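# A structural model of the following input is requested.
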Amino acid sequence: MAEAARSFARTPPKRRMGRLLRNHLSGKAGRTARQARRAAARVPRGCPRLPEAYTPRVDLFETLVSKLTTASVSGGASMRSDGYPSLGSSNRVVARGMGGVGNTVLAAEVVRDTRVLSAFDKVGWVSIGQKPIMLDLQRQLLQQLGGTVPSSDDEHDLLEVLEQVASGVRLLLVFDDPWSAEHEELLNFVDGNAGGVVLITTRIRNLVPNQAANEVELSVLTKDDAVTLLLASGQVVLSPGQMPPPAACEAVELFGRLPLCVCIAGEEPTSNPKPHRSPRFPIALALALALALAFG
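Numbering: from 1, shown residues only. Predicted coordinates:
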């Protein structure tokens, strides 16, 4: 230690400053890496993986990140008639779009963002659907958030434990695809005063009343993005400057430019992609799904 100090003292001033700067930057990089590792570990187990073929939607992504991180510091919660906290409009963020438009995938990408993860103490995710078993979803949230699941099957016991886990915690809960406002209310126990926020993905218009300020509406892909996703899903590689096949441009319009249908249409059974090969599209399946999503 003493010898290192003497060596540093003998170093010319310019080199000494350069060494200090390098040490500072390396230390900062190390801290950033450690923070990233901690953030990644906080992605909830219920959060789905991003698909291999995925076209980022930058504007929508940044809007959701901004709304979540802003809502996390606004706070403010009132009490419902049953004695549990009810969030104000600033604590709910809704990503709404028709089925197949990419609500879930966008939310899964947002939850992985380090800015979002660093804004909250804990993150939970449950996929709800049309006919959820509420007790199972409550248990999933308790396990994700580190709570002890009571042996009782009484819904009120689980609700009480959920409230205790959320108390004083800056918590982000993601409710994926609820079809009823009642389902969201039965699972919603974030502490708004502590900066807790709920992100809801849904295809139901006005699922959460008076939510226009914090609602992000998802539309279908642009034609260019849809073609890019279709080719990526089919592992079709174009040479530099090569235009997409006309069949791809026609296909994405048939599928309504819905990401889910485009991905299905682009999938191929082979696992050995070859450059410059012509894509084969399972048009019937993707078209049927697009029609079902649009009119079902």
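# Sticking with V216, tell me its helix or strand.
strand 215-217 (DSSP states H and E).
# List the buried residues of that strand.
Across strand 215-217, burial judged by 16 or more other Cβ atoms under 10 Å covers 215-216. Every residue, glycine included, has its C-beta placed from N, CA and C.
# Contacts for it next, please.
Outside of strand 215-217, the residues within contact range by Cβ atoms under 8 Å, 6 or more residues apart in numbering are 60, 63-64, 67, 93-97, 208.
# before we move on, what about stretch 107-124?
The contact list for stretch 107-124 (Cβ under 8 Å, 6+ apart) reads 35-36, 39-40, 42-44, 46-50, 54, 56, 61, 64-65, 68-69, 72-73, 95, 125, 141, 144-146, 169-174, 176, 195, 197, 199, 201.
# Apply 6 Å and report the result again.
Contacting residues not belonging to stretch 107-124 are listed as 39, 42-44, 47-48, 50, 64-65, 68-69, 72, 95, 141, 144-145, 169-174, 201 [Cβ atoms under 6 Å, 6 or more residues apart in numbering].
# what kind of secondary structure is Q143 in?
Q143 falls in the helix class when you classify it by DSSP: H, G, I helix; E, B strand; the rest coil.
# count of residues packed around it?
By other Cβ atoms under 10 Å, 15 other residues sit near Q143.
# so what's it closest to, chain neighbours aside?
Using Cβ to Cβ, 6 or more residues apart in numbering and skipping residues adjacent in sequence, the residue nearest Q143 is V149, 6.5 Å away.
# Q138 too?
L158 (4.3 Å).
# What residues sit buried inside the helix or strand harbouring the one you found?
According to DSSP H and E, L158 maps onto helix 155-166. By neighbour count with 16+ other Cβ under 10 Å, helix 155-166 contains the buried residues 158-159, 161-162, 165-166.
# Lovely, talk soon.
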